[in-house]
Every structure is written in structure tokens, then in C-alpha cells.
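1. fold the following, please.
(one chain, ligands or ions: 2)
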Amino acid sequence: MKVLVTDPIAEAGLDRLREAGHEVVTGYELEGDALFDAVADAGALVVRSGTDVSRELFEAAEDLVIVGRAGIGVDNIDIDAATDHGVVVANAPEGNVRAAAEHTVAMAFAAARSIPQAHARLKDGEWAKGDYLGTELNGTTLGIVGLGRVGQEVAKRLGSLGMDLVAYDPYISEERADQLGAELADLDEVLSRATFLTIHTPLTPETENLIGEAELAELEDGYVINCARGGIVDEAALAAAVEDGVLAGAALDTFAEEPLDPDSPLLDVDEVVVTPHLGASTGAAQEHVATSIADQVLAAFAGEPVMNALNAPSMDESAFPRVEPYIDIAETAGKIAVQLLDGRIEGVEVTYEGDIADEDIDLVTASALKGVFEPLEWQVNSVNAPRIAEDRGIEVSETKRRQSDDFQSLVTVTVVGSEDSVSVCGTLFAGDDPRIVRVDGYRVDAIPGGKMVVARNTDEPGVIGLIGSVMGDAGINIAGMYNARETIGGEALTVYNVDEEVPEDARAKLLADDRVIDITYIELNGIGNSRSR
Ligand SMILES: NC(=O)c1ccc[n+]([C@@H]2O[C@H](COP(=O)([O-])OP(=O)(O)OC[C@H]3O[C@@H](n4cnc5c(N)ncnc54)[C@H](O)[C@@H]3O)[C@@H](O)[C@H]2O)c1
Ligand SMILES: O=C(O)[C@H](O)COP(=O)(O)O
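-> Residues are numbered from 1 along each chain as shown. Ligands and ions are numbered 1, 2, ... in the order given. Okay, the predicted model is just below:
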């Protein structure tokens with residue numbers, strides 16, 4: 001597969017992709033049409049914060065399976081569009097946390113002690129010792145906005161340097177804050193108590209311009225440090241507040257527009273320290289995020305769960321072997337069930353019985369939905385199948401039962417229609433042998449793969465013979481046949497695994513016989529299921 005890498009990542013990550021046999025194409029300068037052309041045949045796109053991964057880009061990227069963000073922030077990626085296009089978005093949320101926290105600490109000291117300014121003057125030959133009277137961090141209060149991964153690491157470091165910690169984060173528990181020695185408070189209180197305010201939230205509609213002119217004024221004579229994302233602090237208001245002496249200083253690593261405009265007012269204010277988004281730029285952090293993303297790209301290519309997927313079910317690696325067979329079984333069951341249903345789909349129920357009920361089954365349910373929607377939709381996969389259900393108002397439910405009467409594990413996919421519903425059950429026999437064991441209430445024993453015919457007919461002598469001879473005349477080899485009936489002389493259902501496609505005319509010939517109620521032909525491998533009833 002082609003992996004397009006549009007922001008620089010560590011060589012270790014690129015090597016891992018190459019060693020797995022993929023073509024790695026780097027295009028750090030790509031923009032506009034050139035970027036769209038380059039992504040057109042890419043299976044994966046790997047980015048940092050420098051690439052705008054827009055809806056238009058997804059539209060141009062027909063083969064794209066995954067966008068890997070070698071870092072944390074995904075505000076440059078349209079995740080909604082990725083989901084619509086069935087593309088997994090994954091990031092590397094752990095690898096650069098300590099680097100970002102250390103940079104934040106460095107920026108706090110840089111602003112408090114005017115290190116860059118004094119350094120620049122001394123380099124110019126000026127001994128400006130009398131011009132700088134710094135602020136001690138020890139004994140002052142640090143206000144933390146966003147007590148997530150980076151915020152917590154900053155709390156540990158600056159707390160241990162003697163700062164009092166007060167944090168604003170509506171999504172963190174009191175207990176966790178306590179463990180860090182931080183007091184939780186609302187934003188106003190944080191602003192009124194803090195001398196240093198450090199920002200560690202993602203950029204979201206909720207956090208955009210969270211810190212504007214009014215908030216800065218509350219921070220009276222304090223310092224703002226932003227190593228999270230530009231746009232959370234209003235840059236013009238910040239420049240003015242420092243310039244006017246409302247604040248003592250600021251230190252910024254991230255900006256609303258990057259690269260920062262050389263005409264930005266921030267650059268005109270001496271007490272504003274800036275770095276060009278360097279928080280994650282350490283060798284260790286870059287190697288970590290690059291290899292993490294490479295591994296996730298390889299997992300996506302192999303159809304395995306992607307560890308840090310943001311828009312797809314993810315799964316613990318150690319659980320995957322136990323769950324993997326049921327992913328295919330559920331997809332097949334969904335595919336069969338939907339094709340046996342008459343009328344509109346109103347809901348999909350997936351039931352897990354036995355050992356499988358103890359597992360993380362999000363991916364199995366997503367796969368069942370993929371099976372249900374695949375005959376109806378192009379480009380459906382386990383990423384966008386839950387979205388398709390939601391968009392269409394199709395209710396999805398999961399039920400788990402630890403007991404299973406007949407099987408060690410059983411997965412049942414029920415497609416609920418406006419008038420009727422159809423259930424298909426699958427299991428794994430000993431020796432990892434997958435089987436469809438019930439179709440619409442009939443006990444069968446069919447292989448869930450290849451080409452399949454499900455026939456419903458009246459239970460009379462000669463019908464199976466008729467089906468066999470029509471198939472034989474059409475040159476179709478029957479590999480397996482599983483017949484079940486309601487009552488003697490009632491309705492019967494037979495599942496045939498066949499080696500060749502069953503042509504339209506053969507199906508028509510069967511349907512012309514009154515004893516045949518319906519014939520459904522299903523191709524289980526690949527898109528292009530056809531159905532004839
Ligand atoms: N400068 C850099 O190079 C660099 C490096 C790493 C991370 N970052 C950025 O740092 C930020 C934090 O990263 P992280 O890994 O700690 O993320 P995280 O998701 O672990 O933590 C973010 C925290 O913000 C909180 N939050 C969300 N909305 C909030 C709101 N409206 N008000 C208050 N709190 C809110 C969340 O509850 C969460 O605890 C992100 O923006 C990330 O992109 C920058
Ligand atoms: O969100 C992140 O991971 C950091 O901001 C780092 O961004 P970068 O990978 O573009 O340096």
C-alpha cells in the first residue's frame with residue numbers, strides 16, 4: 001500500500017512501514033492540487049499538525065483506510081468527514097506528553113525570568129543585569145485549564161517546585177485532582193487566584209477563545225502560558241494585555257495560524273516569549289509517536305483494531321485473537337439476515353451468548369452492521385457503519401448473556417423490519433471452524449463464506465431434487481447442503497454452499513415452481529452481493 005507522509009516524522013516510523021513492504025512517499029511541501037493528487041491512491045496518510053486534512057481531501061482519497069496523526073492534537077483533521085468516508089483516524093496520545101509538559105515548564109521559567117530577552121541582549125554584547133527582576137514560581141499559584149495528560153504532568157512538575165495548584169476541568173474527577181495536589185475550581189476562581197495560567201485543553205468549539213480580554217484582566221499582573229493550541233487564547237487581546245501592563249508576560253508555543261504571521265502583534269511585545277510549536281519536538285517523543293502511528297497504520301491495513309482510533313472501535317491487542325473470528329461471523333450473519341428480510345430495516349440487534357459475552361465486542365457489533373449495510377451501501381466498513389445506522393434512524397442494540405444453551409459462544413444478528421425480523425446465528429466450532437448454525441429460526445450448519453443460496457420451499461418430496469438438478473444443469477457444484485423444516489409438510493429452509501455463481505435464469509427457473517417460496521443468492525466475499533427472490 002502507499003503511505004503518504006505530509007509532515008516530517010521520525011525515520012524509525014518510516015522504516016517500520018517500509019520494512020512491512022509498503023511504499024512510503026514523503027511530501028512535506030505538498031499543498032493544493034499536488035496534495036490531492038498524491039493522496040488519490042494512498043492507503044494511509046500520516047500527518048502532524050501541519051496538514052489540513054479536510055473533507056475535500058477525503059473526497060479525493062478513494063483508497064484511504066487510515067489517517068495517522070503522529071502526535072496528539074487532531075483539530076487539523078475533519079474526523080466527521082473521515083467517518084463519513086469510512087476512514088479511521090488515529091493519533092498517538094502518549095508519546096509526546098512528557099515533552100510537552102517539560103516545554104511548558106521551560107516556558108514558565110522563560111517568561112518568569114525573561115531568559116530569552118536577557119539572552120538576546122547578552123548575545124548582542126549588552127550586560128543588562130539591572131533590567132530584569134523576575135518572579136519566583138515557588139509559592140505562587142499555578143492555574144491549570146485542562147487537567148488531562150499534559151496538564152497532569154505539568155501539575156506534577158510545577159507542584160514539586162513549590163507552586164500551589166488550582167485547576168479548571170469540568171471533565172476530571174475530584175479524586176484525580178486530589179491525587180495531584182490540585183484543587184478543582186471554576187474558571188473565574190482559577191483566574192482570580194492564579195499568577196501563572198497554563199492552558200492544556202484541546203481546541204474545540206467550546207475552548208475556542210476561552211481566554212479573552214475579560215479573562216485576561218482577571219489574571220491581573222500574571223503570566224499566560226499556552227503550549228496547547230492557538231485559538232484558545234485570544235492573541236490580539238493577549239498582546240494588548242501584556243503591552244498595557246495588565247499582565248506581566250506570556251509564553252506561547254502554539255498559535256491560531258501556523259506558521260505565525262511575522263506581522264502578528266505578539267511579536268512586537270517584548271514580554272511575550274514565543275517558540276515555533278516545539279512542545280513535542282524531542283528525539284524521544286518523535287520516535288515514540290512515529291512508531292506508534294506506523295504500528296497503527298499496519299494494524300489498519302491488516303484489518304485489525306487500531307489502538308488509538310478516534311472514530312472506530314478500538315480493542316486491547318491481547319483480546320483480539322479471541323474476538324477476531326466473531327468479527328467475520330457477525331458480518332456474514334448480518335449480510336444473510338438483511339437479504340432474507342422483506343421490507344424496510346428498522347433496527348439491528350446483536351446478541352452475544354456464552355464466553356464471547358465477556359469480551360469487548362464493539363468491533364463485532366460494528367462488523368455486524370457492516371454486513372447489514374454492505375448489500376445496500378457502497379464503501380461501508382466498520383468505521384462508518386454505526387454512523388450509517390444513526391443517520392438512518394436504525395436502532396442498534398446489543399445484548400449479552402453469559403449463558404449459552406448449546407454453544408460455547410454464539411453471536412446472533414437480528415435485522416428487525418417494519419413487519420418482520422430475521423435472525424442469523426453464528427458460532428465457532430472446535431478447531432476455529434466458523435459456522436452459521438441458525439437461519440431465521442431453522443437449525444443449519446453452513447460455512448459462512450463464499451457463495452451461498454438460501455432456499456425456502458414447501459416440505460414436499462422432490463423439491464430438493466428439483467433445486468439440485470436446476471443447479472446441476474447450470475453447471476453449479478453444490479459444496480454443502482443443510483436442510484431444516486418447521487413441521488412435516490410445512491415450510492423448509494435449505495442453505496447451499498455453492499462453488500459457482502447462480503445465474504439469474506437458474507433462479508428464475510426455480511422460482512417458477514410453486515413449491516419454491518423464495519431463493520436468495522448471497523455472495524459473502526466482497527461487495528456485489530446479489531439477491532434474487
Ligand atoms: N505544544 C505541543 O507541541 C503539544 C504537545 C502535546 C500536546 N499538545 C496539546 O496539548 C493539549 C492537551 O493535550 P492532552 O494530551 O493533555 O489532552 P487530553 O485530552 O489528555 O487533556 C485535555 C483535557 O482538557 C479538558 N477539557 C476539555 N474541554 C475543556 C474545557 N472546555 N474546559 C476545561 N477543560 C477542558 C479535558 O477534560 C481533558 O482533561 C492538546 O491541545 C494537545 O494538542 C501540544
Ligand atoms: O498535538 C500535538 O501532538 C502537538 O501539538 C505536537 O504537534 P506537532 O506534531 O505538529 O509538533
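2. quick check: the residue of the stretch 51-200 of the chain nearest ligand 1.
-> Minimum separation of the stretch 51-200 of the chain from ligand 1 (C-beta to the nearest ligand atom) falls at residue 148, amounting to 1.7 Å. Glycine gets a C-beta too; all of them are placed from N, C-alpha and C.
3. pLDDT weak spots in the protein?
-> 377-378, 525-533 (pLDDT under 70).
4. picking up where we left off before, which residues does the residue of the stretch 51-200 of the chain closest to ligand 1 contact?
-> The contact partners of residue 148, taken as C-beta atoms under 8 Å, 6 or more residues apart in numbering, are 169, 172, 200-201.
5. strands of the stretch 51-200 of the chain, residue ranges please.
-> Ranges of strands in the stretch 51-200 of the chain, per DSSP state E, counting those that start in this stretch, are 66-69, 88-91, 141-145, 164-168, 182-184, 196-199.
6. for these, give me TSV that also has mean neighbour count and distance to residue 429.
-> Below are these laid out as TSV (neighbours: other C-beta atoms under 10 Å; distance: least, C-beta to C-beta, whole Å):
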stretch	mean neighbour count	distance to residue 429
strand 66-69	29	33
strand 88-91	26	31
strand 141-145	26	55
strand 164-168	22	54
strand 182-184	20	54
strand 196-199	27	56
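7. turn the ones you listed into JSON lines, including distance to ligand 2.
-> Output for the strands of the stretch 51-200 of the chain, formatted as JSON lines (distance: least, C-beta to the nearest ligand atom, whole Å):
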{"stretch": "strand 66-69", "distance to ligand 2": "7"}
{"stretch": "strand 88-91", "distance to ligand 2": "8"}
{"stretch": "strand 141-145", "distance to ligand 2": "16"}
{"stretch": "strand 164-168", "distance to ligand 2": "20"}
{"stretch": "strand 182-184", "distance to ligand 2": "22"}
{"stretch": "strand 196-199", "distance to ligand 2": "12"}
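8. need the helices for the stretch 351-500 of the chain, in chain order.
-> Counting by DSSP state H, counting those that start in this stretch, the stretch 351-500 of the chain has helices at residues 362-373, 385-391, 463-473.
9. nearest residue to residue 257 in space, ignoring adjacent ones along the chain?
-> Of all residues not flanking residue 257 in the chain, residue 230 sits nearest, at 7.1 Å (C-beta to C-beta, 6 or more residues apart in numbering).
10. looks to me like that neighbour is in a helix.
-> No. Secondary structure of residue 230 (DSSP: H, G, I helix; E, B strand; the rest coil): coil, not part of a helix.
11. what about it, neighbour count?
-> 18 (other C-beta atoms under 10 Å).
12. for it, grab phi and psi.
-> Main-chain dihedrals, residue 230, degrees, to the nearest 10: phi -60, psi 160.
13. my guess is it contacts residue 258, does it?
-> Yes. Using C-beta atoms under 8 Å, residue 230 makes contact with residue 258 at a distance of 6.8 Å.
14. what residues does stretch 219-229 touch?
-> 73, 75, 100, 103-104, 107-108, 111-112, 135, 143, 146, 150, 191, 194-203, 207, 211, 216, 232-233, 238, 246-254, 279.
15. try 7 Å this time
-> Contacts with stretch 219-229, where a contact means C-beta atoms under 7 Å, 6 or more residues apart in numbering, come from 73, 75, 100, 103-104, 107-108, 111-112, 146, 191, 194-203, 232-233, 238, 247-254, 279.
16. likewise for stretch 370-382?
-> 86, 312-313, 330-335, 337-339, 348, 363, 366-367, 385, 388, 415, 527, 529, 531.
17. one more time with 6 Å, if that's ok
-> The contact list for stretch 370-382 (C-beta atoms under 6 Å, 6 or more residues apart in numbering) reads 86, 331, 334-335, 338-339, 348, 366-367, 385, 388, 415, 529.
18. from the chain's centroid, how far away is stretch 410-418?
-> Put simply, stretch 410-418 sits 26 Å off its chain's centre (C-alpha atoms, centre = their mean, to the nearest Å).
19. buried residues in it?
-> Residues 410-417 are the ones in stretch 410-418 that count as buried (16 or more other C-beta atoms under 10 Å).
20. equivalent analysis for stretch 507-514, please.
-> Neighbour counts using 16+ other C-beta under 10 Å place 507, 509-510 of stretch 507-514 among the buried residues.
21. who does the longest helix seen in the chain touch, helix- and strand-wise?
-> Across the chain, the longest stretch assigned as helix under DSSP state H is helix 320-340. Where contact means 3 or more C-beta pairs under 6 Å, 6 or more residues apart in numbering; DSSP states H and E, helix 320-340 is packed against helix 362-373, strand 409-417, strand 421-429, strand 516-523.
22. follow-up on the earlier one: which one of the contacts of stretch 370-382 sits closest to residue 37?
-> Nearest to residue 37 out of the contacts of stretch 370-382 is residue 86 (C-beta to C-beta; 21.4 Å).
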